[in-house]
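**Q** Turn this into a model:
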Amino acid sequence: MAVVKSTLPEPARKVTGEALQDTLVDLLGLSLIGKQAHWSIVGPRFRSIHLQLDEVVDTARTYADTVAERSAALGLPPDGRPKTIAADFALPGPEQGWVRDTDVVQVMVEALGAAIGRLRERIAATDEPDPVTQDLLIAITADLEKQRWMFEAENVPSEK
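**A** So this is what the prediction gives:
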């Protein structure tokens, strides 16, 4: 059933739909990684990293909504159901239980780096089919790169 008609021709709609759906899964999963780490972090940098994780979660959730609405606007129903996220999510995340602050930082650097790499592939894929979606993916990438930089800066050893 097509409730909303797409403004894109079918081949462009297919490429764009895949890029948006995969991005939605990554963003929803990233928000879950951030919250899990937020709840389980321990260590001397608990508070600063705990608050920084909320920034990642807020960014991921805000963009997930924007991505889902872009998909719907193109006549492509977004799928953010838990079973879809569980089946399709591929970013690294924290282990179960308490996680040291240094390990949380490393997990976030890796998860954000993986998400950014996947976004860059989608940016390239949507260049011609849908520059509007490409622009959205570029904005998401820029914000996630900022978050990754902030976590990576946490890993710099202090000089003695």
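**Q** Poorly predicted segments of this protein, please.
**A** 1-2, 156-160 (pLDDT under 70).
**Q** please redo it, this time with the cut-off set to 50
**A** Residues of the chain meeting the criterion pLDDT under 50: none.
**Q** Centroid-nearest residue for it?
**A** Geometric centre of the chain, nearest residue: Leu27, 3.0 Å, by C-alpha atoms, centre = their mean.
**Q** quick one, phi psi at the spatially closest residue to it that is not a sequence neighbour?
**A** What sits nearest to Leu27 in space, not counting adjacent residues and going by C-beta to C-beta, 6 or more residues apart in numbering, is Ala64, at 4.0 Å. Bear in mind the C-beta positions are built from the backbone N, C-alpha and C, glycine included. The phi/psi pair for Ala64 (degrees, to the nearest 10) reads phi -60, psi -40.
**Q** ok, now Asp135?
**A** phi -60, psi -40.
**Q** State the distance from it to Ile123.
**A** Distance of Asp135 to Ile123, computed by C-beta to C-beta, to the nearest Å: 9 Å.
**Q** Please say which of those two ends up with more neighbours.
**A** Ile123 (18 against 12; other C-beta atoms under 10 Å).
**Q** Chain neighbours aside, what residue packs nearest to Trp98?
**A** Val42 (4.9 Å).
**Q** cool, and Leu119?
**A** Per C-beta to C-beta, 6+ apart, closest to Leu119 is Thr141, 4.6 Å.
**Q** Just the element for that neighbour, please.
**A** Assigned by DSSP states H and E, Thr141 falls within helix 131-154.
**Q** ok now that helix, how far from the chain's centre?
**A** Put simply, helix 131-154 sits 9 Å off its chain's centre (C-alpha atoms, centre = their mean, to the nearest Å).
**Q** Asp127 contacts Gln134, correct?
**A** Yes - in this structure, Asp127 is within contact of Gln134 by C-beta atoms under 8 Å, at 5.7 Å.
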